[in-house]
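Q: Build me a model from this:
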Amino acid sequence: MHTSSASASGTILYYGIFALFIVMIVWMFWQQSRQQKEKQKFQAGLRRGDRVVTQGGLIGTVRDIRGDRAVLEVGEHLRVEVLLSAVSQRYEPAGGAGGAPAGKEARPAEAPKDGKAPAGSGKGKRGR
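A: Model prediction:
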């Protein structure tokens, strides 16, 4: 009598694991499909003047879109042509849209007045 109930609970366990496996596979396909649709929507919404980042980390401004390609301006008078599929996201600087806070300009760190290098600068005895 105990063997039949043990085999029944083992069978239920196997069916449960199998059902969990099927649910995980369906969920992975659904997530992938959703991400692909979001990326297509993003690429279709790209316009001239958008700041973007490519999968390779290149940051530029969209200057033209030609079919499945985009022309990015990555520097002054420097343009590159990339596949739209390589554009991964819009670029938003870490400091917000304005960069440095109002009234404060980014400056390099000043050296101490005693002439010694600041701690952690790598200019100590080990750095020579």
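Q: where does this protein dip in pLDDT?
A: 1-6, 95-128 (pLDDT under 70).
Q: Swap in 80 and give it another go.
A: Applying pLDDT under 80 to the chain picks out residues 1-8, 95-128.
Q: Tell me how it divides into domains.
A: 1-44, 47-93 (automatic domain parsing).
Q: Which residue is the nearest non-sequential neighbour of Asp68?
A: Computed as C-beta to C-beta, 6 or more residues apart in numbering, the closest residue to Asp68 that is not its neighbour in sequence is Leu84, at 5.4 Å. (C-beta placed from N, C-alpha, C; glycine too.)
Q: re the thing from before, just the domains of the chain: most buried one?
A: Mean neighbour count (mean count of other C-beta atoms under 10 Å) peaks for domain 47-93 among the domains of the chain, with a mean of 14.
Q: Spell out the residue ranges of the strands in this structure.
A: 51-54, 59-66, 69-75, 78-83, 87-90 (DSSP state E).
Q: and the angle from the longest one to strand 69-75?
A: When axes from the mean of the first three to the mean of the last three C-alpha atoms, to 10 degrees is applied, the directions of strand 59-66 and strand 69-75 differ by 150 degrees.
Q: Before I go, just wanted to say thanks for your time.
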